[in-house]
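Enquirer: based on what follows, work out the 3D shape:
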Amino acid sequence: MQDPATDLGPNKQRQEKPHVHTAVLSPDEKHLLYTNLGSDKIHIYKYKASQPQPLSEPTSVSVTGGDGPRHIDFSANRKYMYVITEMGAHVFTYEYNGGKPKMLQKVSMMEDGSTKEPGGADIHVSPDGLFLYASNRGTANEIVVYRINQENGMLSFVERHNTGGNHPRNFVIDPTGNFLLVANKNSNNVVVFKINRTTGQLTQTANKIEVDSPSCLKFASVE
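Expert: Numbers count the residues shown, from 1 in each chain. Purely as a prediction, here's the structure:
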């Protein structure tokens, strides 16, 4: 694998150096994956917690040059990996293949003919594994909804929905799969949406939390 410090993407303004955004364990906890906007790569290490040096055998997979990978999520059956890109505002579908991803699909989050500024941010699969949700910042300020084909992991467009604020940096789906909460960083609010479990579509509720610059949302159990 090339050195990520020198193996950089074509956008000289945004990819002048490595930009690691997120690191996640694979569902089977056999690999650590991290996204590097600067190199347009998802880097993959074998992971063994019991070893003195738990990370080994680095490899990587590339997205389209200049797209800038940001976040990762996996299908409920663990067979497919989804990557959202920040600059390109695309969602890539991969067959995970035991840490050797094979790209299957690339879909744009932007509406055809749109002149809005893209800014892909966060991505989550619904708890039932039927739908994928992705947030787009820039001047789009949308959550884009896709249905997941349960046979091959491929995505089909369902709808795009305004986030009720500005700069949806992060969002979270509650453990029941009934609600989606969006952290709109620049408008200082968290907006609550009801999820239609059959169609995947969103309906904005009257519930909203005012909070300064929300950037990350997590659910925690209460004892």
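Enquirer: buried residues in stretch 214-223, which are they?
Expert: Residues of stretch 214-223 classed as buried by neighbour count (16 or more other Cβ atoms under 10 Å): Pro214, Leu217. C-beta coordinates here come from the backbone N, C-alpha and C atoms, glycine included.
Enquirer: and that stretch, average pLDDT?
Expert: Stretch 214-223 shows an average pLDDT of 89 in the prediction.
Enquirer: go ahead and flag the most central residue of the protein.
Expert: Note on the chain: the residue nearest the mean C-alpha position is Ile123, at 2.9 Å, using Cα atoms, centre = their mean.
Enquirer: on the three-state scheme, the residue lying farthest from the centre of the chain is what?
Expert: Distance from the C-alpha centroid of the chain, by Cα atoms, centre = their mean, peaks at Pro52 (31.0 Å). Put simply, Pro52 is coil when judged by DSSP: H, G, I helix; E, B strand; the rest coil.
Enquirer: ok, now which ones touch Arg147?
Expert: Taking Cβ atoms under 8 Å, 6 or more residues apart in numbering, we find Arg147 in contact with Leu130, Phe131, Leu132, Leu155, Ser156, Val158, Gly200.
Enquirer: look up the closest residue to the fourth one, ignoring the ones flanking it.
Expert: The spatial neighbour of Leu155 that comes closest, neighbours along the chain excluded (Cβ to Cβ, 6 or more residues apart in numbering), is Tyr146 at 4.0 Å.
Enquirer: next one, pLDDT for that neighbour please.
Expert: 98.
Enquirer: that one reaches Leu132, doesn't it?
Expert: Yes - counting by Cβ atoms under 8 Å, Tyr146 touches Leu132, with 4.5 Å between them.
Enquirer: pLDDT below threshold where in the protein?
Expert: 1-6 (pLDDT under 70).
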